[in-house]
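> turn this into a structure:
(2 chains)
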Amino acid sequence: MSFRAPKGTDDVLPPESRRWRELLRSWDLLAEQYGYAYVATPIFEATDLFARGVGEATEVVEKQMYSFRDKGGRHLTLRPEVTASVLRAYIQGGLSGEFKGAYSGPCFRYERPQEGRRRQFWQLGVEYLGAPDAEADLEVIELGYRYLLDCGLGDVVVHVNSIGDAPDRVAYHALLSGWLDERSHLLSKDAVRRIHTNPLRVLDSKADREVVADAPVPLDYLEGETAAHHDQLIAGLQERGIAHRHAPRLVRGLDYYNRTVFEYIPPSYAAAHNAVGGGGRYDGLSRLLGGGDLPGVGLALGLDRILSAAGQSPPARALDVFLVVADQERRSLAHAFARRLRAAGVRCDLVAGRRSVKAQFRAANRRDAALAVVIGAEWDRGMVTAKDLSSGDERTIPAGEVAAWVIGGPEGGR
RNA sequence: GUGGCCGUAGCUCAGCUUGGUUAGAGCGCCUGGUUGUGGUCCAGGAGGUCGGGGGUUCGAGUCCCCUCGGUCACCCCA
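The predicted structure follows:
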């Protein structure tokens, strides 16, 4: 074996690739229904964008970025997430006011791969910019929730929390740091290191779960308006029938969040990293990146995780028609017929080169075609023989009726 | 970055404990049985430097060391 895909990367091959495409398509559709416009940003950006946006002290920036210098000496990084890029694009493009953007594409993090954690992974996301209201948070959460339900994750629960605003946090951080300091002898090495750089992160560390179980929690220190925002959010979730749970120690690892943070947890997904998506509000990010004041909320979903949590749904047929060429002198005829069917919207294929009829039927079966259509002597009378590959039902019909049969079933041509 | 488990055919694995001549199975693939019929059945066939390197030995898939890869968990995130 000479070449393998790089560590932590996957090929998406049929038949799984069909489901993959379906999920991407329904994501595009759903985002459009909610009024989000498609956004594409570069897959690499200035390293500083992520260092500033995501946060210097985060795990992602500290040790998970694919960074390199290009031939011009620029410091670039394969995007580990896309929110910072969308903000950057908004600012750079001189956009103003409300903006709703949706994206999908690969992201990259250098980590030890395991179930649900790959070095290249596919994120679907939306960013709702310019909307400070809790209603925007709700819309974003609802959109992701709807999508996951559509994907077949019927039992997802949205874990929600509020980590407060910057002003609340100054006071709360001091309080939390102090509380943690007193117990530093009980904490893991990583936790101790974070007491002063990023104390919030300690709250959702698995290693320190027992110690931190009765630590002061951000929610108890919210100021009036921030608390109201959160109350409105919870009431809205209730009203919209979104299964949710309050998660007081949920904080998330990206520094730009404030107020609302959330994760989608499907209980059926047994992997260690059991969130299939998450997000939150990031009202301060725009300023951090050199833009004006601009509130925002967003979410990101892990396509690969959704796929493994949802399992494979019964796949639809891959092809409508597979042409079987009985007489080799009719090959070019068959190709012309294939072109006609395709133009009529029929998914149609045939083998390249001369193969026995038997081999062509085997191919039809393997390619998961619904119908095998034989091009042979009957073609001279304008007829073809069509065989339904699941029932074995076979009949000779006018060539012109094949497309109608595919679309309307055996009687569709009548 | 830390730790556990695993590397034999395209895939899933047996063989390794107790070293012995030509390395096996199932599935998949190709061909034929049916010179125009698949999916079932039968027959045949192709496909392996036993992950790589070194060592021990008369002899290594099997024992030892190193290395690379895979996987799971920690950590962290989608």
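> mind listing the helices for the stretch 101-250 of chain A?
Along the stretch 101-250 of chain A, counting by DSSP state H, counting those that start in this stretch, helices occupy A:134-150, A:166-182, A:189-197, A:199-203, A:209-212, A:224-239.
> who touches the residue lying closest to A:Val406 once chain neighbours are set aside in this structure?
Setting aside the residues directly before and after it, A:Val406 is nearest to A:Asp320 in space (Cβ to Cβ, 6 or more residues apart in numbering), at 4.6 Å. Backbone N, C-alpha and C define where each C-beta goes, glycine included. Going by Cβ atoms under 8 Å, 6 or more residues apart in numbering, A:Asp320 touches A:Leu341, A:Val346, A:Arg347, A:Cys348, A:Ala369, A:Ala370, A:Leu371, A:Val406.
> residues contacting the third one?
Shown in contact with A:Arg347 (Cβ under 8 Å, 6+ apart): A:Ala318, A:Leu319, A:Asp320, A:Val321.
> ok, the fourth one next?
Contact criterion Cβ under 8 Å, 6+ apart gives A:Leu319, A:Asp320, A:Val321, A:Phe322, A:Leu323, A:Ala338, A:Leu341, A:Arg342 as the residues in contact with A:Cys348.
> now, those residues that are in helices?
Among the contacts of A:Cys348, the ones falling in helices (DSSP state H) are A:Ala338, A:Leu341, A:Arg342.
> in PyMOL, how would I select the buried members of those?
Burial among these is assessed by 16 or more other Cβ atoms under 10 Å; the matching PyMOL selection reads:
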select buried, chain A and resi 338+341
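> for A:Leu333, which three-state class applies?
helix (DSSP: H, G, I helix; E, B strand; the rest coil).
> wouldn't it be in contact with A:Asp380 here?
No. Between A:Leu333 and A:Asp380 there is no contact under Cβ atoms under 8 Å: 10.2 Å.
> out of those two, which sits in the busier spot?
Using other Cβ atoms under 10 Å, the more surrounded residue of A:Leu333 and A:Asp380 is A:Leu333, with 15 against 8.
> please report how far that one lies from A:Ala131.
Distance of A:Leu333 to A:Ala131, given as Cβ to Cβ, to the nearest Å: 59 Å.
> and the ones in helices among the contacts of A:Cys348 as JSON lines, adding distance to RNA strand B and pLDDT?
Shown next, in JSON lines, are the ones in helices among the contacts of A:Cys348 (distance: Cβ to the nearest atom of the strand, whole Å; pLDDT from 0 to 100):
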{"residue": "A:Ala338", "distance to RNA strand B": "16", "pLDDT": "95"}
{"residue": "A:Leu341", "distance to RNA strand B": "17", "pLDDT": "95"}
{"residue": "A:Arg342", "distance to RNA strand B": "21", "pLDDT": "95"}
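> what residues does the stretch 1-150 of chain A put near RNA strand B?
A:1, A:4, A:6-8, A:58-60, A:64, A:81, A:109, A:111-118, A:121, A:123 (Cβ under 7 Å from any atom of the strand).
> pull the number of nearby residues for the residue lying closest to A:Trp27 once chain neighbours are set aside.
Nearest non-adjacent residue to A:Trp27, counting by Cβ to Cβ, 6+ apart: A:Leu124, 4.8 Å away. Number of residues near A:Leu124 (other Cβ under 10 Å) recorded here: 24.
> same question, A:Ala363
Other residues close to A:Ala363 by other Cβ under 10 Å number 17.
> ok, the closest residue to it other than its chain neighbours - contacts?
Leaving aside its sequence neighbours, A:Ala363 sits nearest to A:Val351 (Cβ to Cβ, 6+ apart; 5.2 Å). Neighbour list for A:Val351: A:Ala359, A:Gln360, A:Ala363 [criterion: Cβ under 8 Å, 6+ apart].
> and the pLDDT at whatever residue of the stretch 201-350 of chain A ends up closest to RNA strand B?
Using Cβ to the nearest atom of the strand, A:Gly253 is the residue of the stretch 201-350 of chain A that sits closest to RNA strand B, at 0.8 Å. pLDDT recorded at A:Gly253 is 75.
> do A:Leu289 as well
94.
> so it is in contact with A:Tyr90, correct?
No. If you go by Cβ under 8 Å, A:Leu289 and A:Tyr90 don't touch, sitting 9.3 Å apart.
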